[in-house]
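Participant: Build me a model from this:
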Amino acid sequence: MSLPPNFSRAVDLSSLGKPAADISTPLPGIEVTPLNLQAEILPLSKTKPVVVLCWTPRSAESVELLRTFGKLENEDAGKWALAHVNIDTEAQVAQALQVRTIPYGVVFIGGQAVPFLEQLLSETQLREVINKILALAAQQGIGEEPVEETEPEEEEALAALDQGDYATAEAAYRRLIARKPTDSYAKLGLAQVQLLARTHGLDAAKVMEDAIKSPDDIEIQIQCADVEVMSGYLEPAFDRLLRLLVLFDGDEQKRIKEHLLGLFALVDPADPRVMKARTQLANVLF
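Facilitator: Residues are numbered from 1 along each chain as shown. Below you'll find the model as predicted:
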């Protein structure tokens, strides 16, 4: 990696505010400096991916994120290496990595830097990111691609779906969530099964026709939103339920909101259509 001409210029991220993080206990990973970036980090990246997180004690969230990365590194037992850059004390390195925000993550694979993170993520989301990094490195002949382990409840659910048994599939996913409450795949699987069960046997054309005739009928509008999501029409489905939220209150509004949140669970939370709808939902409710 060649360093840019303005390598020595400090990074201006003053908007982060005053120190707020507890760093009294040692932080996980290799502390990156101008000296070991070239001498240690880059050579190491030719044997395994090196994940570098840029953080600051002015952001408690970035410190917590680093500790979560450390937990994942321990779980993976040497498949990849963690390193970190305190942008307040290592401004040169931060500039070399072209840090634009905090947290900021770069992975080195075979000596090449690939930015991969510019926002806070949950532990489940970080696990997914790490698996993708390991897969990318394996494609370049560095390390091994992670083997996806299927949970027994998931196997049961998939087998039930093959038989059209939605009740058994839903029960299996619920047991998996009870055992692993943070498993995003289990939550997605449950949401998908519930949508399949709700739309099974529906005449989509008739549902949409009824929705036009009865614009304020909650049951019909919810069915139509389900049909639209099944067909990939996310925005019309979200807009349909958001419009209803304005018309009702109390238990009826609660039912509409919970159904809308259930539809959100079927889509990547970073999808701009979901982000827009969530903002609209907050505006309606608050």
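
Participant: only C-alpha atoms for contact and neighbour calcs from this point on.
Facilitator: Fine.

Participant: what about stretch 91-111, average pLDDT?
Facilitator: The average pLDDT for stretch 91-111 rounds to 90.

Participant: What helices and strands are in contact with the host helix or strand of Arg198?
Facilitator: For Arg198, the host element (DSSP states H and E) is helix 184-199. Here helix 184-199 touches helix 166-179, helix 218-230, going by 3 or more Cα pairs under 8 Å, 6 or more residues apart in numbering; DSSP states H and E.

Participant: Just name the most buried of the ones you listed.
Facilitator: For the helices and strands packed on helix 184-199, the largest average neighbour count (mean count of other Cα atoms under 10 Å) is found in helix 218-230, namely a mean of 21.

Participant: next helix or strand past that one?
Facilitator: helix 234-247.

Participant: what comes into contact with the very next helix or strand once past that following helix?
Facilitator: With elements assigned by DSSP H and E, the helix or strand that comes after helix 234-247 is helix 250-264. The contact list for helix 250-264 (Cα atoms under 8 Å, 6 or more residues apart in numbering) reads Ala191, Ile218, Ile222, Asp226, Val229, Phe238, Leu241, Leu244, Leu245, Val274.

Participant: Make CSV from those residues and add distance to Tyr173 to it.
Facilitator: Below are those laid out as CSV (distance: Cα to Cα, whole Å):
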residue, distance to Tyr173
Ala191, 9
Ile218, 27
Ile222, 23
Asp226, 20
Val229, 21
Phe238, 25
Leu241, 26
Leu244, 30
Leu245, 29
Val274, 23
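
Participant: Of those, just say which sits nearest to Pro103.
Facilitator: The closest of the contacts of helix 250-264 to Pro103 turns out to be Val274 (Cα to Cα; 22.8 Å).

Participant: Same list, the contacts of helix 250-264, but as JSON lines with pLDDT please.
Facilitator: Listed next are those as JSON lines, based on pLDDT from 0 to 100:
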{"residue": "Ala191", "pLDDT": "93"}
{"residue": "Ile218", "pLDDT": "96"}
{"residue": "Ile222", "pLDDT": "97"}
{"residue": "Asp226", "pLDDT": "96"}
{"residue": "Val229", "pLDDT": "94"}
{"residue": "Phe238", "pLDDT": "96"}
{"residue": "Leu241", "pLDDT": "96"}
{"residue": "Leu244", "pLDDT": "94"}
{"residue": "Leu245", "pLDDT": "93"}
{"residue": "Val274", "pLDDT": "89"}
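
Participant: one step back: can I get the helices and strands packed on helix 184-199 in JSON lines with distance to Lys187?
Facilitator: JSON lines is the format used below for those (distance: least, Cα to Cα, whole Å):
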{"stretch": "helix 166-179", "distance to Lys187": "7"}
{"stretch": "helix 218-230", "distance to Lys187": "17"}
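
Participant: so which of those comes closest to Val267?
Facilitator: helix 218-230 (9.7 Å).

Participant: The closest one packs against which elements?
Facilitator: Under the contact rule (3+ Cα pairs under 8 Å, 6+ apart), helix 218-230 is packed against helix 184-199, helix 204-213, helix 234-247, helix 250-264.

Participant: want to try CSV for these, with distance to Leu53 as columns?
Facilitator: What follows is those, written out as CSV (distance: least, Cα to Cα, whole Å):
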stretch, distance to Leu53
helix 184-199, 23
helix 204-213, 48
helix 234-247, 34
helix 250-264, 29
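
Participant: circling back: buried residues, the helix holding Arg198. List them.
Facilitator: Using 16 or more other Cα atoms under 10 Å as the test for burial, helix 184-199 gives Ala186, Lys187, Leu188, Gly189, Leu190, Ala191, Gln192, Val193, Gln194, Leu195, Leu196, Ala197.

Participant: And stretch 76-91, how far out from the chain middle?
Facilitator: On the basis of Cα atoms, centre = their mean, to the nearest Å, stretch 76-91 is displaced by 21 Å from the centre of the chain it belongs to.
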